[in-house]
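[1] please find the sequence and the predicted model below.
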Amino acid sequence: MPISVAATGGRSTQIQNAATLSTNTVEFTLGYQAIRSENVGLTFDLVADRTVQTITEFNAPQVLSSGAGIWREGSELTQMYGRRYAKSLNELTVDENGIVLNGQFAGLGNTSTIDDYEINDLGYV
């Protein structure tokens, strides 16, 4: 991920690994050969898997990823945050510092708090 660095070397960012992941994967495969002859064969296969990747250590400020996720310690890489209009300030996600993670100002450099939001005339945040 891009990390801000001193611009003395001509660049303002550097790509670095900033996280430690815990990964757990389960895979299941089942195959059945229904027809087996000299000229014809019919096989049914079922494959399923489930992977959970959790960020166990994150050595950078939280990041709003391009895949609509928020990368921070304790979050899963597969968590996604879509666009849904909140009707209550209680629906906003706030981190331990009081920063709103899923509001209109979410992303790099975000410092918005609940106090920066209000319910409009249509009943939406």
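    Perfect, I can see it now. Residues are numbered from 1 along each chain as shown.

[2] and stretch 33-48, how far apart are its ends?
    One end of stretch 33-48 to the other measures 18 Å (Cα to Cα, to the nearest Å).

[3] what segments of this protein are strands?
    Applying DSSP state E to the chain gives strands spanning 2-4, 13-15, 19-36, 41-58, 63-64, 70-71.

[4] so which bits of the second one are buried?
    What that stands for is strand 13-15. Judged by neighbour count (16 or more other Cβ atoms under 10 Å), strand 13-15 contains no buried residues. From N, CA and C alone the C-beta is placed, and that goes for glycine too.

[5] if we can go back for a sec, so which of the strands of the chain is the most surrounded?
    By mean neighbour count, with neighbours taken as mean count of other Cβ atoms under 10 Å, strand 70-71 ranks first of those at a mean of 19.

[6] give me the mean pLDDT for that strand.
    The average pLDDT within strand 70-71 is 75.

[7] strand partners (parallel or antiparallel) of that strand?
    Paired with strand 70-71 in the same sheet, following DSSP bridges, are strand 63-64 (antiparallel).

[8] rounded mean pLDDT for the strand it pairs with, please.
    66.

[9] likewise stretch 112-125?
    Mean predicted confidence for stretch 112-125 is 87.

[10] and the end-to-end length of that stretch?
    13 Å.

[11] list the buried residues of it.
    So stretch 112-125, judged by 16+ other Cβ under 10 Å, has buried residues 112, 117, 125.

[12] quick one: low-confidence parts of this structure?
    Low-confidence segments of the chain (pLDDT under 70): 1-10, 63-69, 80-83, 103-109.

[13] same thing but at 80, please
    Applying pLDDT under 80 to the chain flags residues 1-18, 60-72, 77-85, 101-110.
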